[in-house]
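**Student:** have a look; sequence and predicted model below, questions after that.
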Amino acid sequence: MDDYATSDDDYHYSDQDDSVDGFDNDDQDIPLLSSKAPSTQVITKESLLAAQKEDLRRVMDMLSVREQHARTLLIYHRWDVEKLFQVYVDKGKAYLFAEAGVSVDESRESGSSVRSSVLCEICIEDVPSDEATKMDCGHCFCNGCWTEHFIVKINEGQSKRIRCMAHKCNSICDEAVVRTLLSRQHPDMAEKYERFLLESYIEDNKRVKWCPSTPHCGNAIRVEDDELCEVECSCGLQFCFSCLSEAHSPCSCLMWELWAKKCKDESETVNWITVHTKPCPKCHKPVEKNGGCNLVSCICGQAFCWLCGGATGREHTWSSIAGHSCGRYKEQEKTAERAKRDLYRYMHYHNRYKAHTDSFKLESKLKETIQGKIAISEEKDSTVRDYSWVNNGLSRLFRSRRVLSYSYAFAFYMFGDELFKDEMSEAQREIKQNLFEDQQQQLEANVEKLSKILEEPFETFSDDKVMEIRMQIINLSTIIDKLCHKMYECIENDLLGSLHLGIHSIAPYKSKGIERASELSVCWNNKVNNTGVTAELDRPSGSGSSEDNSGCSSRKRARKEGLGGGGGGSDGGFFDLNLPAEFVDRN
Amino acid sequence: MIDFARVQKELVECSKDAEGSGIKVSPKTDNLVLLIGTIPGPLGTPYEGGVFHIDITLPDGYPFEPPKMQFATKVWHPNISSQSGAICLDILKDQWSPALTLKTALLSVQALLSAPQPDDPQDAVVAQQYLKDYQTFVSTARYWTESFAKASSCGIEDKVQKLVEMGFPEAQVRSILEAVGGDENLALERLL
């Protein structure tokens, strides 16, 4: 057993102020130590260009190419700069360029200017040479045909890789040419083209994903190193970066997908009905047998044989069941047993999952009450000035409630047959299950304790008693944090880590709660205009993006001063725990 | 909008050496949207001697979008649907380039007849047969060419009719005709 949670009394240091303060400060500091550079960032429509600048610059510097070529290369390699450089080192520049369709033409000035007119092979017309354009790959066609080609490709969604019109030419068309020719007569298409190019950074990049909010907030999130994480967008939505559904650790993505589906279609209920009831042969309503006799009658009045489901008539009486084929009784019983067992197992886990989810919802109301209590306490003439510990305790409670509820979905799959039937022996499973359940139980006990203490009417207490409650809450919060940590570790190392099937991994536990992605800090306005990728994105571009903006503003969370502000505070202040969006929305 | 000026030029260009290549394109109606392409079966293949008609529909974006082509003549080939005549050919899909023409596209289709690609099949049944029982494939393809792609000589039905009148059972006549690739005299030898 763990030293810090052996009994209730161990953390009630009510008469040892010094040690409590030390404990308090140390542990408040731990989460802050890890606050290095933010590992997740929000990319807004405004910062989208700036966000990709760095990658573009690296490629441009390394290969001394123009921005458009850097972009073509990056799009081909899905914005994986390391991979791109690897190809460069392994196979050389020529291969790298040819593969991605980049042609760098050194002798561009010669060519079309020699003759006064050229034959465009597409429209088969002679055109003056100043109305024709030669791409870097050397193919020359008239501007009209190029423009048509670009429009068709953009409408096909191929903006990011518009190839030359010549047959079997793999070369990607020069961005600048596309831009210039399109903007002459089709500014709307030029705009669309720009947007697709810019958004490639999100669409084709495994490190960047759109926020899954609906209505869409217009933001994307970039993670720095680990794609397996949970994150909060600046719109307030918390989600799992890897599967884009709600933050669900310590469930793996697959487990969560299965669990969410299971809860949704209540397939177990359907199973139960098929096993425990039979349709009435007359009205077809499901009938459940409530006594031992196999002659059943439906509420519609029809009597039928429970054994074979057939309507009973003259041959089937209380003493004789002639004319019915009732021989398959045994087999059905077997399936009934299994379905019943599975259902009970599911119900066990689902009830607990649900209980914590429900508690969490109820406790969300607690926040308001507590704010009221704090307000009253602050009015009082008291020596206690700082009430941040209440908010911290509350945040810890919310966070751990969620962990607890998802831990039941995890356990359902971890110790069930559905996913890991052949992964461990019965004995192994039992050991692991005990290990996990011990931890879960401890966590649960402490969470309930914290929940209870937080409901105490501390605003009516004397200063001494308030200090006592303060310590209890602080200590419980610390213990719960550690227990969560341990449970995640146990899941990662002892449970999932030992599986042969390596597809289950979970987002790491963060004491401070789900990380809120920081806004990308940019000073890009000056740079924009000389890159050619203009600031057109700033304008509402008509195709729904302006609606996106208005859609999100109502969901955007107004940062409450009381909660988020103290993230960097050192006086044992805030954990900077985020509250889930739905909670904030409700306020 | 279809570039009709170009289509017109293509038709003229194509008719110039129709003698040499045997490839023809002619309008089905007078609006140049629906066309009929004709290709001779390549020599040394089971399609030799056949004349294949291909329905061509020009999309709005032609020549920036590929023309839609499908066989109007029934043909037994791994990359062509034996039911619908749909063609599985990259240049008619994502590898289309505006620099290609109806004639070059038809030439590619003709090349496809010479070099089937059973690993990327349009018709799984034919492709299976091609890979597992090549001989049967060849004779079936030849029989189909005889039956459907030869307008000039008398059709297979006439041959069946003739042999049945000579007193052979119809089912047997049909199977032997198919086995020998539609050759009337060979079939008669077998039947005797």
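**Tutor:** Sure, I can see it.
**Student:** residues in contact with residue A:400?
**Tutor:** By C-beta atoms under 8 Å, 6 or more residues apart in numbering or on different chains, the residues touching residue A:400 are A:443, A:447, A:450, A:480, A:484. Every residue, glycine included, has its C-beta placed from N, CA and C.
**Student:** which SS state does the residue nearest the centre of chain B fall under?
**Tutor:** Centrality entry for chain B: nearest residue to the mean C-alpha point is residue B:52, 4.1 Å, by C-alpha atoms, centre = their mean. The three-state label for residue B:52, taken from DSSP: H, G, I helix; E, B strand; the rest coil, comes out as strand.
**Student:** for residue A:450, see how far away residue A:475 is.
**Tutor:** 10 Å (C-beta to C-beta, to the nearest Å).
**Student:** low pLDDT regions in chain B?
**Tutor:** Counting by pLDDT under 70, chain B has low-confidence residues at B:151-156, B:181-182.
**Student:** residue A:147 - how many residues pack around it?
**Tutor:** One way to gauge burial is a neighbour count; for residue A:147, by other C-beta atoms under 10 Å in any protein chain shown, it gives 19.
**Student:** just the one 5 residues further on next, same as before
**Tutor:** The criterion is other C-beta under 10 Å. On that basis, residue A:152 has 19 neighbouring residues.
**Student:** need phi/psi at residue 67.
**Tutor:** The chain I'm using is chain A. Backbone geometry at residue A:67, expressed as degrees, to the nearest 10, gives phi -60, psi -40.
**Student:** was after chain B, sorry
**Tutor:** With angles defined as degrees, to the nearest 10, residue B:67 shows backbone torsions of phi -70, psi 150.
**Student:** that one against residue B:56, yeah?
**Tutor:** Yes. Distance between residue B:67 and residue B:56: 5.4 Å, which falls inside the contact criterion (C-beta atoms under 8 Å).
**Student:** any shared contact partners between these two?
**Tutor:** Common neighbours of residue B:67 and residue B:56 (C-beta under 8 Å, 6+ apart) are residue B:102.
**Student:** widest-spaced pair of the contacts of residue A:400?
**Tutor:** Distances among the contacts of residue A:400 were taken as C-beta to C-beta; the most separated pair is A:450 and A:484, at 12.1 Å.
**Student:** element containing residue B:19, please.
**Tutor:** Element membership of residue B:19, judged by DSSP states H and E, is helix B:18-21.
**Student:** and the next element down the chain from that helix?
**Tutor:** Moving toward the C-terminus from helix B:18-21, the next helix or strand (DSSP H and E) is strand B:24-27.
**Student:** in that next one, what counts as buried?
**Tutor:** Residues of strand B:24-27 classed as buried under the neighbour-count rule (16 or more other C-beta atoms under 10 Å in any protein chain shown) are B:24-25.
**Student:** near chain A at all, that strand?
**Tutor:** No. Using C-beta under 8 Å from any C-beta of the partner chain, strand B:24-27 never reaches chain A; the gap is at least 15.0 Å.
**Student:** list the helices and strands that strand packs on?
**Tutor:** In this structure, strand B:24-27 packs against helix B:4-16, strand B:34-40, helix B:102-114, with contacts taken as 3 or more C-beta pairs under 8 Å, 6 or more residues apart in numbering or on different chains; DSSP states H and E.
**Student:** ok, residues contacting that strand?
**Tutor:** Outside strand B:24-27, the residues that reach it (C-beta under 8 Å, 6+ apart) are B:10-11, B:14-15, B:18, B:34-38, B:56, B:102-103, B:106.
**Student:** redo that, cut-off 10 Å
**Tutor:** B:7-8, B:10-11, B:13-15, B:18, B:33-40, B:51, B:53-54, B:56, B:101-103, B:105-106 (C-beta atoms under 10 Å, 6 or more residues apart in numbering or on different chains).
**Student:** so what strands line up beside it?
**Tutor:** The partner list of strand B:24-27 in its sheet, established with DSSP bridges, is strand B:34-40 (antiparallel).
**Student:** alpha carbons only: can I get stretch A:487-503 in CSV?
**Tutor:** Backbone C-alpha positions of stretch A:487-503 (Å, rounded to 0.1, in the frame of the first residue of the first chain) are rendered in CSV as follows:
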residue,chain,number,x,y,z
MET,A,487,-3.0,4.9,-12.2
TYR,A,488,-1.9,6.3,-15.6
GLU,A,489,1.5,4.9,-15.0
CYS,A,490,0.1,1.5,-14.1
ILE,A,491,-2.0,1.5,-17.2
GLU,A,492,0.8,2.6,-19.5
ASN,A,493,3.5,0.3,-18.1
ASP,A,494,1.9,-2.7,-16.4
LEU,A,495,-1.4,-3.1,-18.4
LEU,A,496,-1.1,-1.7,-21.9
GLY,A,497,2.7,-1.8,-22.0
SER,A,498,2.8,-5.6,-21.7
LEU,A,499,0.4,-6.3,-24.5
HIS,A,500,1.6,-7.7,-27.8
LEU,A,501,-1.0,-5.7,-29.6
GLY,A,502,0.8,-2.4,-29.5
ILE,A,503,-2.1,-0.2,-30.8
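**Student:** count of residues packed around residue B:122?
**Tutor:** Using other C-beta under 10 Å as the criterion, residue B:122 is surrounded by 20 other residues.
**Student:** measure the residue nearest to it when sequence neighbours are not counted to residue B:127 for me?
**Tutor:** Of all residues beyond its chain neighbours, the one nearest residue B:122 is residue B:88 (3.7 Å), with distances taken as C-beta to C-beta, 6 or more residues apart in numbering or on different chains. With the distance defined as C-beta to C-beta, residue B:88 ends up 10 Å from residue B:127.
**Student:** which of the two has more neighbours?
**Tutor:** Counted by other C-beta under 10 Å, residue B:88 and residue B:127 do not tie: residue B:127 has more neighbours, with 20 against 17.
**Student:** tell me how many other residues surround the spatially closest residue to residue B:103 that is not a sequence neighbour.
**Tutor:** Closest residue to residue B:103 in three dimensions, ignoring its sequence neighbours and counting by C-beta to C-beta, 6+ apart: residue B:14, at 4.8 Å. The local packing of residue B:14 (other C-beta under 10 Å) involves 19 other residues.
**Student:** and residue A:500, by the same measure?
**Tutor:** Using other C-beta under 10 Å, residue A:500 has 8 other residues around it.
**Student:** again, but for residue B:96
**Tutor:** Close neighbours of residue B:96, defined as other C-beta under 10 Å, add up to 19.
**Student:** element containing it, please.
**Tutor:** Using DSSP H and E, residue B:96 is not contained in any helix or strand.
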